[in-house]
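# Mind looking at a prediction? Sequence and model below.
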Amino acid sequence: IKAGLALGCQIDLNSKFDRKQYFYPDLPKGYQISQFDKPLCNHGKLNIGSKEVRILRIHMEEDAGKLVHAGAERLHGSDYSLVDLNRASTPLVEIVSEPDIRSAEEAVLYVKELRKVLLYLDVCDGNMQEGSLRCDVNISLNKPGEPFGTRAEIKNVNSFRSISRAIDYEYKRQSEIIDQGGTVVQETRLFDEHTGKTHSMRSKEDAHDYRYFPDPDLLPLILTQEKVDKINQTLPELPQQKKNRYVAEFGINPDSAEIITDDLATALFFEEVLSRGANPIKAVNWLNGQVSAYLNENNLTLDQTKLTPELLAEMISLIEDGTISDNIAKNDIIIDLITLGVSARTQVQNKGLAQITDTSAIEAIVKEVLDSNPNQVAQFKSGNDKIKGFFVGQIMKKTQGKASPQIINQCLDKLLSA
């Protein structure tokens, strides 16, 4: 229900469960509990950028088992097959989209955005590698203005990269069949991650082949509007809403807001940093930049580090008041902040990192550098503005990176124009 409400679906107050009959080794009892003609949620949508993808329905059903083939990736060519029933009969939510997606890129964006919404709702953990989130891809080709072609369904694709590769291969396969005058067969196929190809698994049945009928052991699911309204009131701020608010309220550019809201824990961490008075632009830049880079390099999440909102807010405050520069924070402070939890103020005191802001002292060093490099001064005065970076580097070297960049530039402008 939470997923349906978040995706703008109509919630059916009177839904039911049905038996879907088919024989396959991963389903020992010969039928699957599902929802056929009265699903729990109908007619929603999900926006990916400026495009709207319609949601046909969201229904509940039970999971099947998993076939493990020995000596091969699929049944054909394997020595024997085993059935893993660990996940059999566990409940799952199936979200069915309308045929609005037109490319592999759009398909990946759709699944990424859907995963983000489900994570915000705490509906699932979104772990595709462990099968918590799986994707069945239906592909058909047609020319503009013509009806949809025969579709092939690729089952249980479990990564964004595999979704893209499977669609690209299937597009190529179906195109070649059509170009040669053949007919695409309606079937279920499997994607082989090693070869990047899809293989036929079984013919694809239509609804009447499953002989659906109401499950006699399960009563209809009757809800009240009051119950649905109460659930609706518990919905969190969703990713797109949060992104739009960050842009409007804090002046963050849309790309940065997209990144920071990609993970709910990071977004909440960011808001905690702001609640301690930090500059929003600097906070988002640090989280999306140095902090994110360290986490990615070391395969960590924020909660696996020593970094806290208080520590990051304090460091940003020291940058804002001129105690340290961005370079000092980047090169000397942020790593110990993340790994050891040692505050920026303590590091400044222990390591002697305080920024030099004495204008007369910096001006003397600037004059010394200019006097030592008359050829470069002549180049600058001849119109080579880029040489200014050389001077800044020399001054930083002499001050061990502690001189205020703003004051350095002020002094350079003053002395070079004299």
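The structure has been received and is ready for your questions.

# buried set for the lengthiest strand in the chain?
Across the chain, the longest stretch assigned as strand under DSSP state E is strand 51-62. Within strand 51-62, the residues that qualify as buried by neighbour count (16 or more other CB atoms under 10 Å) are Val53, Ile55, Leu56, Arg57, Ile58, His59, Met60, Glu61, Glu62. Heads up, the C-betas are built off the backbone N, CA and C, glycines and all.

# I'd like the next helix or strand past it.
strand 66-70 (DSSP states H and E).

# Give the pairing partners of the helix or strand of the chain with the lowest mean pLDDT; include direction for each.
Averaged element by element with mean pLDDT, DSSP states H and E, the chain has its least confident helix or strand at strand 66-70 (a mean of 78). According to DSSP bridges, the neighbouring strands of strand 66-70, each with its direction, are strand 80-84 (antiparallel).

# sorry, back to before: now render the buried residues of strand 51-62 as a markdown table, adding pLDDT and distance to Phe391.
Supplementary listing: those in a markdown table, determined by pLDDT from 0 to 100; distance: CB to CB, whole Å:
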| residue | pLDDT | distance to Phe391 |
| --- | --- | --- |
| Val53 | 97 | 54 |
| Ile55 | 97 | 59 |
| Leu56 | 97 | 64 |
| Arg57 | 97 | 66 |
| Ile58 | 97 | 63 |
| His59 | 97 | 68 |
| Met60 | 96 | 68 |
| Glu61 | 94 | 69 |
| Glu62 | 93 | 71 |
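
# can you tell me which two in the residues you listed are farthest apart?
Within these, Val53 and Glu62 form the most distant pair, 26.3 Å apart (CB to CB).

# Now the most centrally placed residue in the chain: which helix or strand?
In the chain, the C-alpha nearest the mean C-alpha coordinate belongs to Asp262, at 4.8 Å (CA atoms, centre = their mean). With the criterion set as DSSP H and E, no secondary-structure element contains Asp262; it sits in neither a helix nor a strand.

# Look up how far Ser360 lies from it.
The span separating Asp262 from Ser360 equals 47 Å under the rule CB to CB, to the nearest Å.

# Please, where are all the helices along the stretch 151-300 of the chain?
For the stretch 151-300 of the chain, the helices defined by DSSP state H, counting those that start in this stretch occupy 160-179, 225-233, 239-250, 254-260, 264-275, 280-286, 292-297.

# would you turn those helices into a markdown table with distance to Pro25, mean neighbour count and mean pLDDT?
Conversion of the helices of the stretch 151-300 of the chain to a markdown table gives the following (distance: least, CB to CB, whole Å; neighbours: other CB atoms under 10 Å; pLDDT from 0 to 100):
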| stretch | distance to Pro25 | mean neighbour count | mean pLDDT |
| --- | --- | --- | --- |
| helix 160-179 | 23 | 17 | 94 |
| helix 225-233 | 38 | 12 | 97 |
| helix 239-250 | 39 | 16 | 96 |
| helix 254-260 | 43 | 18 | 96 |
| helix 264-275 | 39 | 18 | 97 |
| helix 280-286 | 51 | 20 | 97 |
| helix 292-297 | 41 | 14 | 96 |
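
# still on that earlier bit, what residues sit buried inside the least confident helix or strand of the chain?
For strand 66-70, burial by neighbour count (16+ other CB under 10 Å) applies to Leu67.

# Report the contact partners of Lys16.
Gln35, Lys38, Pro214, Asp215, Leu218, Pro220, Leu221 (CB atoms under 8 Å, 6 or more residues apart in numbering).
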